[in-house]
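S.K.: Need coordinates for the following:
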Amino acid sequence: MTGPMIAGRVAAEPALEGREPASLLEVTDLRVRFTRAGRAVHAVTGLSYRLAQGRMLAIIGESGSGKSVSSRALMGLLPPTAHVSGSARFDGTELVGLPEREMRRRRGADIAMVFQDPARSLNPTMRIGTQVTEAINAHARLDRRAARERAIELLQLVRLPAPERRFHEYPHQLSGGMRQRVMIAIALAGRPRLLIADEATTALDVTTQAQIMELLVDLQERLGMAVILISHDLALAASYADDVVVMYGGRAVERASADTLFGSVRMPYTRALLGAIPLLERPAHTLLPVVPGQPPDPAALPDGCPFRPRCGSADDACATAPPFDEHEPGHWWACWHVSGLEDPRAAGAQRRPSGPEET
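M.R.: I've put the predicted structure just below:
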C-alpha cells in the first residue's frame, strides 16, 4: 500500500476529495436466525457495512459474535435451517435469496473464502496439484497441461516454496503455513474480486501468521481484490485493515475506518478487547488481562445492550438497547456512554514483525 503510516501499518489511499469510493459490497440490515429446540437463535441482527474494491475490512469479535455466520451468509453456505433477511448487494447483485444455481456460479468466481483449518479443508488422499487444478477447472475448462501450468503459477503467487515439487506432494507433507498458502491458491483459482479470510491465521504460530497476513495484503494490492478479514484478534485489524467492524452478540457495536477507530475508541467492548492484547513490555509474571465474564448465548441474549452484564460502565440506561448511529463523521457505535481512549495503539495494537520466509 501507499499512504501515511498509521501505528506501524500503511493506510490506504483516501478517496478523492468530495467523492466516496464505489462500493463493491453493500450489506444492509443483514439478519440471520436459526431455530434451536423450538427457540429462535438470533445469530446476526441488523448488520450493515460497505466495502470498496481494493480495501480490507476486518470484522472482529469473540466466538458467538456472529462474524463468521455473517460471512457464510454472503456465500450461501449456511444450513437450510438458517433464515436470512436484509440485503447484501455485490456489485449491484442481491445475494440474499439468490437461487442456489446462481450462487454456485458466483462462489469462487466473484467471492471466495479461506477457512481456519487447512488440514480439514484439504483432501488428505489427493495430491496438492490435483486439488488446485480441480478448483481451476471448476471455473475455466483447460487442458491438462494448461491447468498444471496455471496451478503452479498460483502456487508461485502465494509464495509456496518449490511449487513444482509441492504440486506432487500430499497435504501431510506440508507445514500448516504451507497448507494455508495452498488454500489461498485454491481460493484464487476463479480470480475472485472479494476474498473472505475466516480466521485464516488463527491456527498458525505468530511468525507464520504474520507471513500469511503480509501475503494477503500483497495479493490484495497486486490483484485489486477486496478482502474481509474475520478474526477475534483486534491487533490484526490495527496492523492490516483499512476499515473495522466490531461485533458483539450478533450486532455491530462499533464501525469506522481503522485510522478513526484506533485513534479514538468509543465502545467499551472495543476498549476491553484492546486492553486484552498481550504486551511485551508488561512486567514478568503478571496475569494477562481478560474481558470479564462470558460472551452471551445467542439463544438467550440479555435485554438492552448485550454487553451490559460485562461492562464496567453499565447503568440503568443500558437496560434499553442503544441505537447503532453515526455519532461522529464516519464513526458509528452503539453505546449510551462515550468511552474515549485517545491512542489505544500505544497499548499494543502494533504491526507484528514479519519472520523469515517459510521453508
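S.K.: Helix, strand, or coil at V27?
M.R.: Using DSSP: H, G, I helix; E, B strand; the rest coil, the structure places V27 in strand.
S.K.: What residues does it make contact with?
M.R.: For V27, the contacting residues are L47, S48, Y49, R50, S70, L74, G86, S87, A88, R89, by Cβ atoms under 8 Å, 6 or more residues apart in numbering. Heads up, the C-betas are built off the backbone N, CA and C, glycines and all.
S.K.: And for the fifth one, nearest residue in space, chain neighbours not counted?
M.R.: With Cβ to Cβ, 6 or more residues apart in numbering as the measure, V44 is the residue that lies nearest to S70, at 4.9 Å, once sequence neighbours are left out.
S.K.: Kindly report the same for the first one.
M.R.: The shortest distance from L47 to any non-neighbouring residue, by Cβ to Cβ, 6+ apart, is to L30 (4.3 Å).
S.K.: what's the answer for the second one, then?
M.R.: Counting by Cβ to Cβ, 6+ apart, S48 lies nearest to T28, which is 5.1 Å off, once chain neighbours are set aside.
S.K.: Distance check, that neighbour against R89.
M.R.: 8 Å (Cβ to Cβ, to the nearest Å).
S.K.: where does the protein dip in pLDDT?
M.R.: For the chain, the stretches with pLDDT under 70 are 1-21, 339-359.
S.K.: What segments of it are helices?
M.R.: For the chain, helices defined by DSSP state H occupy the ranges 67-74, 100-106, 118-121, 128-137, 144-157, 163-166, 176-187, 206-223, 234-240, 258-263, 268-275.
S.K.: wait, which of these is closest to D303?
M.R.: D303 lies closest, by Cβ to Cβ, to one member of the helices of the chain: helix 268-275, at 17.0 Å.
S.K.: Surely A252 and S48 touch.
M.R.: Yes. The pair A252 / S48 is scored as a contact, 7.0 Å apart, by Cβ atoms under 8 Å.
S.K.: For the two, indicate the residue with more neighbours.
M.R.: The neighbour comparison of A252 against S48 (other Cβ atoms under 10 Å) goes to A252, with 28 against 17.
S.K.: I152 - how many residues pack around it?
M.R.: The number of residues packed near I152 is 19, by other Cβ under 10 Å.
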